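1. got a predicted structure plus its sequence, pasted below:
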Amino acid sequence: MTTDTGSLLDSVERTALLTAALRAAETRRPDRLYEDPFAEVLAGAVGPGLLAELRATTFPVDAARTLPSTPDYNAIRTRFFDDLLSEAARTPEGRQVVIAPAGMDTRPFRLDWPAGVRVFEIDRPPVVALKEAVLRDIGATPHVDRTTVAVDLRDDWEDELAAAGYDPAAPSTWLLEGLLYYLPEDDVHHVLERVRGVTAPGSVIAADLVNAAALTLPSMRGLLDLFAGWGCPWLFGSDEPESLFARHGVDAVAHQPGEPGADFGRWPDPVPPRDVADVRRVFFVRGVRK
Ligand SMILES: C[S@@+](CC[C@H](N)C(=O)[O-])C[C@H]1O[C@@H](n2cnc3c(N)ncnc32)[C@H](O)[C@@H]1O
């Protein structure tokens, strides 16, 4: 299998290659927020093309660039969750970590993990197959006990996760990154309810999501049309991430890029207060399962 087989992935699966291309581009920056030495090869032949389309859509070459871009969001998001997982791995809740979906995420290969941690990576079978083939080709070795679980998160996946060695009775840390906006609302609740069902109290649940206005603002039209045109429209946004997670048994706090602890010097503008409407927002959620 070669990296060109990325063209065999469906539209939402291909967003994993876009994310890898974003991480490869971030890795090339002198002021990078993290380093992902595997991102370029994992992005394959398809990822850079998707990124080029994204850049052309978000910032037409003649347009003034005044706002943080999707690459900035993505860099901050990756670093925010890198830090969260690195911290969690040193607590009892971080002895088992589930990255769902994992896409082309390489945290098991590029972060330092304490001994005894297990990482489970969930994604759809074609993504897992492609990623494993690429990583095998380049001889990448994880720094942690890593297991892949090839399932669709909309299906029943709990037994497969347990069969892979995950213990639902023990505390855990979950990262739902780059997923929720691609799901219809019913599936968002379904996934969060299932996560609740397989997590012990005290477990850490993290996720990113967008607000409702991000799905309708005229200034978002280009980006929304791009993803819709690719076949993976953004479907879900929430203005109250804390309430969303509370409904599923998680006591959560949401951070926005640009707020203390979530800017990393990459966010130039003040973050408008939550009661200001018609602003595109991204939320990084960190919660504890009650
Ligand atoms: C934008 S990528 C993010 C991947 C990873 N979290 C990262 O940040 O690199 C979205 C991923 O979600 C996966 N995905 C989307 N819907 C899914 C589902 N129903 N079940 C499992 N994975 C899904 C896709 O296959 C893709 O790998």
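-> Arrived safely, thanks for sending.
2. next up, the contacts around the residue in the stretch 1-150 of the chain positioned nearest to the ligand.
-> When scored by C-beta to the nearest ligand atom, the stretch 1-150 of the chain has residue 103 as its residue closest to the ligand, at 2.5 Å. Bear in mind the C-beta positions are built from the backbone N, C-alpha and C, glycine included. The contact partners of residue 103, by C-beta atoms under 8 Å, 6 or more residues apart in numbering, come to 15, 16, 19, 20, 123, 127, 131, 178.
3. can you tell me which of those has the most neighbours?
-> For those, the largest number of neighbours (other C-beta atoms under 10 Å) sits with residue 20, at 30 neighbours.
4. is that residue in a helix, a strand, or coil?
-> Under DSSP: H, G, I helix; E, B strand; the rest coil, the three-state class of residue 20 is helix.
5. check what pLDDT it gets.
-> We have a pLDDT of 98 for residue 20.
6. need the contact list for it.
-> Residue 20 neighbours (C-beta under 8 Å, 6+ apart): 36, 39, 40, 42, 43, 44, 47, 103, 104.
7. circling back to that earlier point, tell me the SS of the residue of the stretch 1-150 of the chain closest to the ligand?
-> coil.
8. which residue comes closest to it once chain neighbours are left out?
-> In this structure, residue 103 finds its nearest non-sequential neighbour in residue 16, 3.2 Å apart by C-beta to C-beta, 6 or more residues apart in numbering.
9. wait, that neighbour touches residue 128, no?
-> No. Using C-beta atoms under 8 Å, residue 16 makes no contact with residue 128, being 10.2 Å away.
10. could I get the buried residue list for stretch 224-243?
-> Of all the residues in stretch 224-243, those buried under the rule 16 or more other C-beta atoms under 10 Å are 224, 226-227, 230, 232-239, 241-242.
11. how many neighbouring residues does residue 94 have?
-> So residue 94, with other C-beta under 10 Å, has 24 neighbours.
12. OK, contacts around residue 235?
-> 181, 182, 183, 184, 185, 215.
13. now a PyMOL select for only the buried ones of those residues.
-> Filtering the contacts of residue 235 down to the buried ones (16+ other C-beta under 10 Å) takes a single PyMOL command:
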select buried, resi 181+182+183+215
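14. now, which of the contacts of residue 20 lie within helices?
-> 39, 40, 42, 43, 47 (DSSP state H).
15. what residues does the stretch 101-250 of the chain put near the ligand?
-> Residues of the stretch 101-250 of the chain lying close to the ligand by C-beta under 6 Å from any ligand atom are 101-105, 123-124, 127, 152-154, 177-179, 182.
16. centroid residue for the protein?
-> residue 177 (2.3 Å; C-alpha atoms, centre = their mean).
17. test my guess that it contacts residue 81.
-> Yes. Between residue 177 and residue 81 a contact is recorded at 5.7 Å, counting by C-beta under 8 Å.
18. closest residue of the stretch 151-290 of the chain to the ligand?
-> Closest point on the stretch 151-290 of the chain to the ligand, by C-beta to the nearest ligand atom, is residue 178, at 2.9 Å.
19. show me the contacts for the residue lying closest to that residue once chain neighbours are set aside.
-> Using C-beta to C-beta, 6+ apart and skipping the chain neighbours, the partner closest in space to residue 178 is residue 19 (6.1 Å). For residue 19, the contacting residues are 74, 103, 104, 105, 178, by C-beta under 8 Å, 6+ apart.
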